[in-house]
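Undergrad: need coordinates for the below:
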Amino acid sequence: MRSLTRWGVVVAALVALVGHSAPSFALSNPTLPASGCLGSKIKCVIKKKACLLGLYKKGLTLDPAKVEKCKAGFSNPATGKGCFDKADAKNAGCLTLGDGPAIEAKIDAHVDDVVAEIYPGGAFAKCQGGKIGCVIKYNGCILGAYAKAAKAGGTHGDVSKCTAGIASCISKLDGKGGCNTTADGAALQNKDDAFIDDVIGEIVKGTDQNNQRCTADTSVHCTNAPGGVGGPCTGLGTCEYFFGAPLSLAAGGVTTCVASQWAGGISGTFNQQSGASVGQASIISRVYNGIAIANPCPRCIGDGFINDGVKGGSCNGGARNGMPCDGEGPSPEPAFGITSLDCPPTAGGLIATLPIDLANTTASLTKTVDGTSPTCNGEAGKRCLCGSCSGNSSFPCDHDTQCATAGFGTCTNAAGEPRKTNACLDDTTTGVNEHVCAIDTSSPGEGQCAAGPITTHCHIETFRGCTVPADCPFAGDTCDAVNRDCFPGTGNGVGDAITAIGSHGVPRDHTNTQTFASVFCVAPTGSASVNSVAGLPGPGRLALAGVGAENGTAGTCPTQASFLPTTKLGVLDSGWTGISHDAKVIGGGKVTVSVTGCTTAVPDGNGNCGTCTYTGPIANANAVP
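TA: Okay, here's the model as predicted:
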């Protein structure tokens, strides 16, 4: 699993199912207003990212003092000496103010993502340091063009020299040999382009997604309390808070589009000083048949800035094909594009409405198979972690008590793909039980089937299955054959455990990047092909990357907190077959909650309010109606 988040509140669309990772991201070219402040802030981003990545060129063990120097030079509200703080202080044409901590957290999350890509398994090589240099040059080249555009106003123009430069830089290093990774220029460029679009949109607009919509037509905004009817939602269901834009997923030749709403609210606690968080969240995920392998969800095409309230794009596919939209959620899969609640899937394609009850934590969370877990109806004599209720096949469960409490019988429904502990094979000639998923030492918390089966997919567009390189249409792509993914340790039944690894850092200026972890059960859908590929019913596991923030000050405790997924390091694993593991989750979709009941009503001498309670969601403060 990978990392980052503060408020375990953001579980969302993540019960979905299937997916993987990256090709040519369409870098935006919006018209920038003339603003010396905007240009200064863009240059600050170049400097901070180059400073932090530069430390990784020589190794993975960083000097904390040097890291702090990179941070202090960017934003330090306490001293006002950071370049972002100075730009705000001048207030000459600044389009947003006080956004230094949020932008810095996005830079930190992006650097983590790039380092994880370049140093897989934490293995250092001189070549990899060179590749970091390639990324630094590319980022400076592209953002330099944006800074120049901001000086007079306009677009960044032709950046083909920048794109050719990173391709050539990476290729030369690959040609010299000694690299831990090869042919990763496209993946690194995509990560940088997505980061640049995200940061530019934040600095220019600073707006949030308006996530309160009518359930029967999510293009319609509403302000009723959750469950409310009437008003704009008359005849269009109820008014609900949604988590982000629809999520495009694909793997094993099967595509789905998932839209998720909060159900029953979200709640929990967080420690303002340490960043640790524990919470509960309930969601309803509506799963639709996808449009095509390369675009499962309808896309919003041609919009300038996402979540700015301006419907500058048009829906491509779905119930509102050709109608205007405001882009909201950039997918980490560039081919999947940008999705929007303004562009809902076609109602006739609905194959499941799945309730999910998710516990969440910034520590690690484990679910264990015991003697009362449901039997594996596809594997005699074993018990599996998840099933569905006898009285309602769409209600997931891991014990009879959950079904009984809901009035749905027992955890014994046979709907969906017959359950197994995993899909791994066993080479009986070795004397070792390879049917038990082996730990992948290069990726903590992950596993692979030691004796197969083998899964083949494209190297760059990993959502595409393949048998020969010609099956992978993206330029330079090839066909990879890899051992099937699995949950490590599963295969013996009772005693098997699935763990999601969370983490948290220490907040800086009330903003931070952290890792939210969750393990849950996913019920079967109404599609036999989806159930077969994903292995549903079955377990789900989530690590979600993002930026958490709260509005406390040196003299007051927070009253609100928020979380913004950044598409960096977020990973969803679902089902026991292993085919729908390593799905990259969508960015955007800010979630805001109310904060009350801090253990210290007034900050102590260190500005700490102790452990605070949150509930929500509530309207995003900067959402445009």
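Undergrad: quickly list what Asn512 is bridged to.
TA: On the basis of DSSP bridges, Asn512 is bridged to Gly548.
Undergrad: and for it, the neighbour number?
TA: Residues near Asn512, counting by other C-beta atoms under 10 Å, number 26. Yep, even glycine has a C-beta here, placed from its N, CA and C like the rest.
Undergrad: same question for Asn210.
TA: Other residues near Asn210 number 23, with proximity taken as other C-beta under 10 Å.
Undergrad: surely it forms part of a strand?
TA: No. Secondary structure of Asn210 (DSSP: H, G, I helix; E, B strand; the rest coil): coil, not part of a strand.
Undergrad: what's the following helix or strand after the strand or helix carrying Lys367?
TA: Here Lys367 is covered by strand 365-368, with elements defined by DSSP states H and E. Per DSSP H and E, the first helix or strand lying C-terminal to strand 365-368 is strand 387-389.
Undergrad: what mean pLDDT does that following strand get?
TA: When pLDDT is averaged along strand 387-389, the result is 98.
Undergrad: and it, which strands flank it?
TA: Here strand 387-389 is paired, per DSSP bridges, with strand 392-397 (antiparallel).
Undergrad: chain center to the strand it pairs with, what's the gap?
TA: 26 Å (C-alpha atoms, centre = their mean, to the nearest Å).
Undergrad: hmm, who's touching it?
TA: The list of residues contacting strand 392-397 from outside it, by C-beta atoms under 8 Å, 6 or more residues apart in numbering, reads 352-356, 374, 386-389, 402-403, 406, 408-409, 411, 413, 415-416, 520-524, 537.
Undergrad: enumerate the positions of the helix of greatest length in the chain that are buried.
TA: Scanning the chain for the helix with the most residues, using DSSP state H, yields helix 126-152. By neighbour count, with 16 or more other C-beta atoms under 10 Å as the criterion, the buried positions of helix 126-152 are 127-132, 134-136, 138-147, 149-150.
Undergrad: repeat for stretch 80-89
TA: Of the residues in stretch 80-89, Gly82, Cys83, Phe84, Asp85, Ala87, Asp88 count as buried by neighbour count, 16+ other C-beta under 10 Å.
Undergrad: got it, and stretch 303-322?
TA: 303-320.
Undergrad: pLDDT of that stretch, averaged?
TA: 93.
Undergrad: likewise stretch 241-253?
TA: Confidence over stretch 241-253, taken as the mean pLDDT, stands at 92.
Undergrad: could you do stretch 562-581 as well?
TA: Averaged across stretch 562-581, pLDDT comes to 84.
Undergrad: follow-up on the earlier one: pull out the buried members of the contacts of strand 392-397.
TA: Neighbour counting over those (16+ other C-beta under 10 Å) leaves 352, 354-356, 374, 386-389, 402-403, 408-409, 411, 413, 415-416, 520-524, 537 as the buried ones.
Undergrad: low pLDDT regions in this protein?
TA: Applying pLDDT under 70 to the chain flags residues 1-26, 567-570.
Undergrad: show me the longest strand that occurs in it.
TA: For the chain, the strand that runs over the most residues, judged by DSSP state E, is strand 254-271.
Undergrad: need the CA coordinates for that strand. CSV is fine.
TA: In CSV, the C-alpha atoms belonging to strand 254-271 read as follows (Å, rounded to 0.1, in the frame of the first residue of the first chain):
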residue,chain,number,x,y,z
VAL,A,254,-13.8,-5.1,-17.3
THR,A,255,-14.6,-1.4,-16.8
THR,A,256,-16.8,0.3,-14.1
CYS,A,257,-17.7,3.8,-13.2
VAL,A,258,-18.4,4.5,-9.5
ALA,A,259,-20.2,7.4,-7.9
SER,A,260,-20.2,7.6,-4.1
GLN,A,261,-22.2,9.6,-1.6
TRP,A,262,-21.8,9.9,2.2
ALA,A,263,-24.4,8.0,4.1
GLY,A,264,-25.1,8.6,7.8
GLY,A,265,-22.3,11.1,8.2
ILE,A,266,-18.7,10.9,9.1
SER,A,267,-17.1,11.3,12.6
GLY,A,268,-14.0,10.8,14.5
THR,A,269,-11.2,12.4,16.4
PHE,A,270,-7.8,13.8,15.5
ASN,A,271,-4.9,15.1,17.6
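Undergrad: show me where this protein has helices.
TA: Taking DSSP H as the criterion, the chain carries its helices at 36-56, 64-74, 83-90, 100-118, 126-152, 160-176, 185-204, 400-406, 528-534.
Undergrad: closest to Thr600 out of the ones you listed?
TA: Minimum separation from Thr600 across the helices of the chain (C-beta to C-beta) falls at helix 100-118, 21.6 Å.
Undergrad: quick check, Asp357 in contact with Phe520.
TA: Yes. With contact defined as C-beta atoms under 8 Å, Asp357 and Phe520 form a contacting pair (7.2 Å).
Undergrad: what pairs with Phe270 across the strands?
TA: Using DSSP bridges, the beta-bridge partners of Phe270 come out as Ser277, Cys612.
Undergrad: what's the spacing between it and Val593?
TA: With distances taken as C-beta to C-beta, to the nearest Å, Phe270 is found 10 Å from Val593.
Undergrad: one step back: what angle sits between the longest helix of the chain and helix 160-176?
TA: Interaxial angle, helix 126-152 versus helix 160-176 (axes from the mean of the first three to the mean of the last three C-alpha atoms, to 10 degrees): 180 degrees.
Undergrad: check contacts around the closest residue to Ala72 other than its chain neighbours.
TA: Among residues not flanking Ala72 along the chain, Gly82 sits closest, at 6.5 Å (C-beta to C-beta, 6 or more residues apart in numbering). Gly82 makes contact with Cys44, Ala72, Gly73, Phe74, Ser75, Asn76, Gly100 under the criterion C-beta under 8 Å, 6+ apart.
Undergrad: quick one: buried ones out of those residues?
TA: For the contacts of Gly82, a burial check counting by 16+ other C-beta under 10 Å picks out Cys44, Gly73, Phe74, Ser75, Asn76, Gly100.
Undergrad: closest to Gly431 out of the residues you listed?
TA: So of the buried ones among the contacts of Gly82, ranked by how close each gets to Gly431 (C-beta to C-beta), first place is Phe74, at 56.3 Å.
Undergrad: my guess is the closest one contacts Cys83. True?
TA: Yes. Taking C-beta under 8 Å as the contact criterion, Phe74 and Cys83 are neighbours in contact, 6.2 Å apart.
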